[in-house]
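[1] sequence unknown, structure follows:
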């Protein structure tokens, strides 16, 4: 009986739709990171009257203009309020209380890890009267003494750096000293993070994504590297940051991944390099082919609301990023001299030689193969024997190949 009832529920269109929605919600919740305050912004402020006295019990409404979600709180007896755990973005803040005009500040920008002060000085009047204040784009940080640099999403997309790697962006911060390669190929894990901040060790830095540590402590120790196109912004704190970032003694880089909004948005990109557009480097001399190089990076972003009841005020949002990379890096093309078949038997009569008589009685024979350029020394009077088999070997042949010097040296001493 129960089985038949369950089958009828599954075959019902509306019930089956709800099952799919619940399964999708479960998968979404399993992939969500835990909420962490390290990437969120905090809004603080004080509400006063025209005389400067604190105004308690003021209704504060903070609205995220990108998602439409609002939070409500009231000021305490000292006229102060604190709103932690706000996602980065643009906000409008409204203050309302009886016997005073409604005050509102709009277009307040919150960045990753911000502690933003928004104060209100209310004017006497009725709540139906409203005073609008446009937020100042230049804000002096007076509630935190950390030294940090913020790279906004627009800056991340506009900065032209070689390879589109996160580490290239971090090296632009004041106090950074880079010892990594000129080009960084972005990978999902690892990379060359040889960057020092303010003289600290290279290993004494911490990377965080959405408030969680990006280091793989239990595995290879590599750092998770998100796509640059998926980052909303990042902040590099080099000194004097608060104890919540006390994981390392060097710099702490906290990144925020983009989020969906109440409108569906999608974007795509392509970044490419080609040897046809590059200049000839120092090792590709004129007349030799240029080494092949192809580097292509492309992907897309999509984000928007998740509507369960076709509501005009959604509370759930999604964001998806996908990126592909292809690289072809040809080696240098250089001329090489290889020995002929007769040379292996000791016949050097057809080998291009450079005879050099020395004061020691040795004649130097240059052989530009095997251990780079190898001088062969024959202890004889010029002209030397052109066939090693014709020489009388009175003692064992001494062969030495030293790679510690710029030119390797192979010595063959044959008394004639």
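    Looks like it arrived, so ask away. Predicted, not measured: the structure shown is a model, and the values here were computed from it. Numbers count the residues shown, from 1 in each chain.
[2] which residues of the stretch 51-200 of the chain fall in helices?
    Listed in chain order, the helices of the stretch 51-200 of the chain (DSSP state H, counting those that start in this stretch) span residues 153-158, 166-170.
[3] and the last one, what does it pack onto?
    In other words, helix 166-170. Judged by 3 or more Cβ pairs under 8 Å, 6 or more residues apart in numbering; DSSP states H and E, helix 166-170 is in contact with strand 231-239. C-beta here means a position set from N, CA and C on the backbone, and glycine is covered the same way.
[4] Direction included, what does the strand it packs on pair up with?
    strand 147-152 (antiparallel), strand 252-257 (antiparallel) (DSSP bridges).
[5] taking the helices of the stretch 51-200 of the chain together, which one is wrapped up most tightly?
    Of the helices of the stretch 51-200 of the chain, the one with the most neighbours on average (mean count of other Cβ atoms under 10 Å) is helix 166-170, at a mean of 22.
[6] Adding distance to residue 62, write the helices of the stretch 51-200 of the chain out as JSON lines.
    What follows is these, written out as JSON lines (distance: least, Cβ to Cβ, whole Å):
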{"stretch": "helix 153-158", "distance to residue 62": "22"}
{"stretch": "helix 166-170", "distance to residue 62": "30"}
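[7] For this protein, give me the ranges with low pLDDT.
    Along the chain, the parts satisfying pLDDT under 70 run over 1-39, 127, 135-138, 218-222, 310, 331-340, 342-416.
[8] Show me the domain layout of it.
    Domain assignment for the chain by automatic domain parsing gives 2-31, 41-134, 147-257, 265-329, 336-416.
[9] List the contacts of residue 201.
    Taking Cβ atoms under 8 Å, 6 or more residues apart in numbering, we find residue 201 in contact with residue 250.
[10] Could you say which helix or strand holds it?
    Using DSSP states H and E, residue 201 maps to neither a helix nor a strand.
[11] I'd like to know how far it sits from residue 179.
    As judged by Cβ to Cβ, to the nearest Å, residue 201 and residue 179 stand 11 Å apart.
[12] Could you do residue 206 as well?
    Distance from residue 206 to residue 179, by Cβ to Cβ: 18 Å.
[13] Neighbour count: the two, which is higher?
    Set residue 206 next to residue 179 and count neighbours by other Cβ atoms under 10 Å: residue 206 wins out with 19 against 11.
[14] Surely that one and residue 252 touch.
    Yes: Residue 206 lies in contact with residue 252 (Cβ atoms under 8 Å); the separation is 4.6 Å.
[15] Can you show me the strands along the stretch 1-150 of the chain?
    Assigned by DSSP state E, counting those that start in this stretch, the strands in the stretch 1-150 of the chain fall at 41-48, 59-64, 70-74, 80-86, 89-96, 102-110, 115-117, 120-121, 130-134, 147-152.
[16] can the ones you listed go into a markdown table with extra columns for distance to residue 290?
    Shown next, in a markdown table, are the strands of the stretch 1-150 of the chain (distance: least, Cβ to Cβ, whole Å):
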| stretch | distance to residue 290 |
| --- | --- |
| strand 41-48 | 49 |
| strand 59-64 | 52 |
| strand 70-74 | 59 |
| strand 80-86 | 52 |
| strand 89-96 | 47 |
| strand 102-110 | 46 |
| strand 115-117 | 52 |
| strand 120-121 | 64 |
| strand 130-134 | 55 |
| strand 147-152 | 34 |
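[17] Chain neighbours aside, what residue packs nearest to residue 168?
    Nearest residue to residue 168, sequence neighbours excluded (Cβ to Cβ, 6 or more residues apart in numbering): residue 161, at 4.0 Å.
[18] measure the nearest residue to residue 234 once chain neighbours are set aside to residue 45 for me?
    Of all residues beyond its chain neighbours, the one nearest residue 234 is residue 255 (4.3 Å), with distances taken as Cβ to Cβ, 6+ apart. Distance from residue 255 to residue 45, counting by Cβ to Cβ: 27 Å.
[19] who's in contact with the closest residue in space to residue 97 that isn't next to it in sequence?
    Taking Cβ to Cβ, 6+ apart, and ignoring the residues beside it in sequence, residue 97 has residue 58 as its nearest neighbour in space, at 4.4 Å. By Cβ under 8 Å, 6+ apart, residue 58 lies in contact with 47, 74, 75, 79, 81, 95, 96, 97, 120, 122.
[20] Kindly reformat the residues you listed as CSV containing distance to residue 284.
    Listed next are those as CSV, based on distance: Cβ to Cβ, whole Å:
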residue, distance to residue 284
47, 68
74, 70
75, 69
79, 70
81, 65
95, 67
96, 70
97, 74
120, 66
122, 71
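[21] Mind putting the residues you listed into a markdown table with neighbour count?
    What follows is the contacts of residue 58, written out as a markdown table (neighbours: other Cβ atoms under 10 Å):
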| residue | neighbour count |
| --- | --- |
| 47 | 25 |
| 74 | 13 |
| 75 | 22 |
| 79 | 20 |
| 81 | 22 |
| 95 | 25 |
| 96 | 17 |
| 97 | 21 |
| 120 | 26 |
| 122 | 21 |
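[22] Many thanks, we can stop here.
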